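# Compute the structure for the input listed below.
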Amino acid sequence: MTGPTATVFLVDDDQAVLKGLERLLHAAGFEVRAFASPQAFLDEHDPAAPGCAVLDVAMDGLNGLQLQRALAARGDSRPVIFLTGRGDIPTSVQAMKAGAVDFFTKPVEAKELVSAVRLALERDRQAREARVERDMIEQRLALLTPREREVLRLVVAGRLNKQIAAALGTAEKTVKVHRGRVMAKMGVRSVAELVRLTGQVGITPAGSDSGG
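Residues are numbered from 1 along each chain as shown. All right, here's what the predicted structure looks like:
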């Protein structure tokens, strides 16, 4: 991925386990940062840094699930993999419902953990790319005038210029001008591309049932 290197953030209060996991993941080619407590991780954590977290479930202070919730409360949707020394099925279900990528009982198989970490890092990369694209779309939308926004919503609803003109009570040639400006400001050349972009930020076509 471009930009900063993705990091695997390890959090486990068992030093022997922490060192073992760190060596394993380093050997697999990952950039790793290890933390011996949840609080140490939170104190240094930067949500903007790409990567995933591998968290022990049973730790002093915050447990793994509480740490996951603390990250979410900060607006950090970083992918999480959980490790536990107990085959705790209810905890596993709770973790997966909270969005964990995977949940392993110690000792974890190296191949399985490496595979899960690769999946988690790919999910993080995709999520960050999607956020960048949404931000870009919002910035382009901010350039539109109120009338251009009205035209946009009618265009993505599949209306023809003459239909848009009738709906807005204006001339068809005026609609053509607005439509051209919308396409230019949004950086698209086709209605299909405009529909794709606006759909990513939840813009509802004019005339839809939700009316948003």
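# Let me see the domain layout of the chain.
Annotated domains of the chain cover 7-132, 143-200 [automatic domain parsing].
# weakest of those in terms of mean pLDDT?
With a mean of 88, domain 7-132 has the lowest mean pLDDT of the domains of the chain.
# Identify all contacting residues around stretch 188-205.
130, 133-134, 137-138, 140-141, 152-158, 182-183, 186, 210-212 (CB atoms under 8 Å, 6 or more residues apart in numbering). All C-beta spots, glycine's among them, are computed from the backbone N, C-alpha and C.
# From the chain's centroid, how far away is that stretch?
19 Å (CA atoms, centre = their mean, to the nearest Å).
# quick one, longest helix in this structure?
If you go by DSSP state H, the chain has its longest helix at helix 110-141.
# That one - contacts with which helices or strands?
helix 15-27, strand 51-56, strand 80-84, strand 102-105, helix 172-186, helix 191-200 (3 or more CB pairs under 8 Å, 6 or more residues apart in numbering; DSSP states H and E).
# Can you name the element that comes right after the second one?
Helices and strands here follow DSSP states H and E; after strand 51-56, the next one along the chain is helix 64-73.
# rewinding a little: turn the helices and strands packed on helix 110-141 into TSV, columns for distance to residue 163 and mean neighbour count.
Formatted as TSV, those follow (distance: least, CB to CB, whole Å; neighbours: other CB atoms under 10 Å):
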stretch	distance to residue 163	mean neighbour count
helix 15-27	58	15
strand 51-56	48	26
strand 80-84	49	24
strand 102-105	51	18
helix 172-186	9	16
helix 191-200	13	15
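# Quick one: the ones you listed as JSON lines, columns for distance to residue 64 too.
Shown next, in JSON lines, are these (distance: least, CB to CB, whole Å):
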{"stretch": "helix 15-27", "distance to residue 64": "13"}
{"stretch": "strand 51-56", "distance to residue 64": "4"}
{"stretch": "strand 80-84", "distance to residue 64": "5"}
{"stretch": "strand 102-105", "distance to residue 64": "10"}
{"stretch": "helix 172-186", "distance to residue 64": "43"}
{"stretch": "helix 191-200", "distance to residue 64": "32"}
